[in-house]
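K.L.:
sequence first, then the predicted structure, then my questions.
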Amino acid sequence: MLYVVHCFDKPDHLQVRMDNRPAHVDYLKSFGDKLYAAGPTLDAAENMNGSVVILDLESISEAEAFAANDPYAKAGLFEKVSIQLWKKVLP
């Protein structure tokens with residue numbers, strides 16, 4: 001099942017994001033074929049302000065564990081995290 005993990009950064013935490021970005025990217029890569037898509041969200045000035053990750057996992061508890069163990073989360077970057085089951089329709 002596909003899960004969308006949508007993370008919203010705390011205001012004025014861009015440096016926290018940048019400091020932890022290499023560990024975050026390595027963490028994403030460790031999911032191999034389970035990683036469907038990933039990337040930052042951007043504000044109007046195109047500064048990173050959050051993340052969207054889509055993973056193919058067995059359960060919501062796996063998605064919650066993914067979110068909790070993300071280096072960004074462990075560094076206190078996120079103000080809010082939303083996890084939803086997602087159905088790909090197109091293309």
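P.N.:
Yep, that arrived.
K.L.:
got the confidence number for residue 37?
P.N.:
Reading off the confidence values, residue 37 has pLDDT 98.
K.L.:
thought it was touching residue 31?
P.N.:
No: at 11.5 Å, residue 37 does not count as touching residue 31 under the criterion of C-beta atoms under 8 Å. Where you see a C-beta, it was placed from the backbone N, CA and C, and this is true even at glycine.
K.L.:
more crowded one of these two?
P.N.:
The residue with more neighbours, out of residue 37 and residue 31, is residue 31; 15 against 11, by other C-beta atoms under 10 Å.
K.L.:
who is residue 50 paired with across the strands?
P.N.:
Note on residue 50: beta-bridge partners by DSSP bridges are residue 8, residue 41.
K.L.:
spit out the contact partners of it.
P.N.:
Residues near residue 50 by C-beta atoms under 8 Å, 6 or more residues apart in numbering: 6-9, 40-41, 78.
K.L.:
buried among those? Make that a PyMOL selection.
P.N.:
Of the contacts of residue 50, the buried ones go into a single PyMOL selection, burial set by 16 or more other C-beta atoms under 10 Å:
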select buried, resi 6+7+9+40+78
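K.L.:
between the contacts of residue 50, which sits nearest residue 54?
P.N.:
The closest of these to residue 54 turns out to be residue 6 (C-beta to C-beta; 9.7 Å).
K.L.:
and the closest one, what does it touch?
P.N.:
Residue 6 makes contacts with 41, 50-52, 81-84, as judged by C-beta under 8 Å, 6+ apart.
K.L.:
repeat for residue 38
P.N.:
28, 51-54.
K.L.:
try 7 Å
P.N.:
Applying C-beta atoms under 7 Å, 6 or more residues apart in numbering to residue 38 gives the contacts 28, 53.
K.L.:
quick check: which element contains it?
P.N.:
Element membership for residue 38 (DSSP states H and E) is strand 35-42.
K.L.:
relative to residue 59, how far out is the residue of the chain lying at maximal distance from its centre?
P.N.:
Residue distances from the centre of the chain (C-alpha atoms, centre = their mean) peak at residue 91, which lies 22.3 Å from the mean C-alpha position. From residue 91 over to residue 59 the distance is 27 Å, taken as C-beta to C-beta, to the nearest Å.
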